[in-house]
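Trainee: Structure here, sequence nowhere to be found:
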């Protein structure tokens, strides 16, 4: 998850289920259906006759080059920048949490291109216009839709993995001040530990690190998607959703959701304008400081600050995250900080500024770091242990299969069922036969290395397919290969270029630091992608923080370890996240019959464009002079937290306030113990255990943002009580509308 909210949500699961039901109800109603009647097979073997029929079906699918369209790139650039704006606004906001935007990205892209195509049908059919004009209005299929969504999200993802709310802005002057640095003009001022995020610096840096993960695990796609059948819940959700859109019932439902998103977005935009009208130039009046619970409570940030974008994020995030944030706000801003304020003059000096690291502010930052690292370290160890255990189990299965001489064409559950399979006019794979609930699922074998309980496994396996559908999808997925030499050539070239140029961009980051980072990053990327495939939990920020500590300590204070740690953190952070994201996109490609080669190209081009477009978008916020300012509109809390981590790694615990080190140890262990209790309890009780990571955020960001997220859950609870089906179907759409509208207002 990192600073992302977890993607594995109840509403996401129900949406996947609902999306598949929509696809089912829309079957047999689209023309140009190609049918395949498959003879029964023995032990999962595929007959020669079926192979011929599969070849016939594959011929009806667009080749990988046709799935990359000019209109897809045009629409993708526009929507990619839009979602980059939304992501930046959330990353730089007081909470720093970014929920998954897969669903709104797929929804909006489908509606835009569908309307575009419908408007230009006359042009497409006309022979009087040039072919490249007709190409802009060609029929819109699910394969192009899947590739375009990948392109959009790859652009927007740079707003998160690019470190604009974490490691990049953690190097700037304001973060330096927030962590106790001396201001300009002071004899202790240290300009060598400040690197502001200027365009001439961050664009080359992002061009080097953003696409690293694209090359890292590409050659393992068959292993993870076909052989291991990892579910990648977000990728599965996107694939099922896009497939459902390209059926009559699904298209009508999608257009209804787009209208709702538009109305909500417009309302959100207008409300942001109203807030701006009453917002003072010093940000100390207006809705943001509304004394909801009285002025005394306002001193400890207990108020509803009308941040409706966070209310929307709360409608998308799991309820346990929002309630955990509220619990953390009560523990910190309701109990701990008022009590510790009485220790002023004893534990820390009494004449300090509100954001001096030697005072109460230091406790807020470092205790937040301890809680985040506690859960993060637990998740890393859990994934590594589960990966090792699952690897041993797989070796035993392979040996058993060899002894029994069983065919290994399929990696899922054997099926004897045969039935008619066809592809409709939009390239959607359909079957006239009902899917056997006990048959093969989207992932074949249910992997329970992280999910030891049967209910947990079923939670991920919402998408199911017949054996015929599985064979066809596997054949399509393996046919469009990516040349084997591209991965080592791309990774090696980036390693050489980064070793040369990153030290030029950030001089304290010596070439040997970069070289070592490129050697160890694949060791982080593999377990992170595997864990994401099982749980939808991306631990990229945890691996980045681990690298931050290691390299900051290695460089030390004399070697400017703060900048070294933050600079190398970006390499590991971006690479592990983009590698996991590409695998999730491959899962979507598998479901939608899209070519992995097209997904690879879309991801590569999208992230390269994002490395240029996102920094330009970021300047909208940075030039206001309010980024990283604790009481401003863009406090970017994780920037200060990341720099604080680097400071600990460089200077040790001696730089902390009194008793802060002991409290950090207690909270670190406490975070790990809470996670352990959550895993040991039965699922019906374990799901009620709060998330330490979500609890820790209000320790630094305050109670107001936690209340905003909690309000999102309250709205969903009331909506579910009135009409549960409507809430599950439309709740995330309304939340996305609030995010998009508020994000658009930040542009002017």
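Mentor: Received the coordinates, thanks. Predicted model only: the values in this text are computed from it and were never measured. Residues are numbered from 1 along each chain as shown.

Trainee: What distance do you get for the closest residue to residue 308 other than its chain neighbours to residue 152?
Mentor: Nearest non-adjacent residue to residue 308, counting by C-beta to C-beta, 6 or more residues apart in numbering: residue 738, 5.2 Å away. For every residue, glycine as well, the C-beta is placed using N, CA and C. When C-beta to C-beta, to the nearest Å is applied, the distance between residue 738 and residue 152 equals 19 Å.

Trainee: cool, residue 703 as well?
Mentor: To residue 152, residue 703 is 34 Å away according to C-beta to C-beta.

Trainee: Which residue of those two possesses the greater neighbour count?
Mentor: Legend: neighbour count by other C-beta atoms under 10 Å for residue 703 and residue 152, higher for residue 152 (30 against 27).

Trainee: ok, that one - contacts?
Mentor: Applying C-beta atoms under 8 Å, 6 or more residues apart in numbering to residue 152 gives the contacts 76, 79, 80, 83, 105, 109, 606.

Trainee: Which one of those is nearest to residue 157?
Mentor: residue 606 (8.1 Å; C-beta to C-beta).

Trainee: and the closest one, how many neighbours?
Mentor: Look at residue 606: counted by other C-beta under 10 Å, it has 29 neighbours.

Trainee: does it really touch residue 151, like I thought?
Mentor: Yes - applying C-beta atoms under 8 Å, one finds residue 606 in contact with residue 151, separated by 4.4 Å.

Trainee: Which neighbours do the two have in common?
Mentor: Counting by C-beta under 8 Å, 6+ apart, the contacts common to residue 606 and residue 151 are 76, 80.

Trainee: coming back round to it: which pair in the contacts of residue 152 has the greatest spatial separation?
Mentor: Farthest pair in these (C-beta to C-beta) is 109 and 606. Separation: 12.5 Å.

Trainee: and residue 318, how far is that from residue 302?
Mentor: Distance of residue 318 to residue 302, given as C-beta to C-beta: 24 Å.

Trainee: Over to residue 254?
Mentor: The value you get for residue 254 to residue 302, if C-beta to C-beta is used, is 41 Å.

Trainee: Compare the two (neighbour count), which wins?
Mentor: The residue with more neighbours, out of residue 254 and residue 302 and counting by other C-beta under 10 Å, is residue 254; that gives 24 against 21.

Trainee: helix or strand for that one, which one?
Mentor: Using DSSP states H and E, residue 254 sits in helix 248-277.

Trainee: Report all helices and strands that that helix contacts.
Mentor: Using 3 or more C-beta pairs under 8 Å, 6 or more residues apart in numbering; DSSP states H and E as the contact test, the elements touching helix 248-277 are helix 10-25, helix 102-119, helix 233-245, helix 308-316, helix 724-745.

Trainee: got a markdown table for the ones you listed, with distance to residue 484 and mean neighbour count too?
Mentor: Below are the helices and strands packed on helix 248-277 laid out as a markdown table (distance: least, C-beta to C-beta, whole Å; neighbours: other C-beta atoms under 10 Å):
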| stretch | distance to residue 484 | mean neighbour count |
| --- | --- | --- |
| helix 10-25 | 33 | 19 |
| helix 102-119 | 29 | 20 |
| helix 233-245 | 23 | 28 |
| helix 308-316 | 39 | 27 |
| helix 724-745 | 39 | 22 |
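
Trainee: among these, which is nearest residue 51?
Mentor: Counting by C-beta to C-beta, and looking across all of these, nearest comes helix 233-245 at 24.1 Å.

Trainee: Can you give me the pLDDT of residue 401?
Mentor: We note a pLDDT of 68 for residue 401 in this prediction.

Trainee: again with residue 166
Mentor: Residue 166 is given a pLDDT of 91.

Trainee: Report the contact partners of it.
Mentor: Shown in contact with residue 166 (C-beta under 8 Å, 6+ apart): 3, 91, 541, 544, 569, 573, 638, 639, 642.

Trainee: hang on, it is in a strand, isn't it?
Mentor: No - Residue 166 is assigned coil when assessed by DSSP: H, G, I helix; E, B strand; the rest coil, not a strand.
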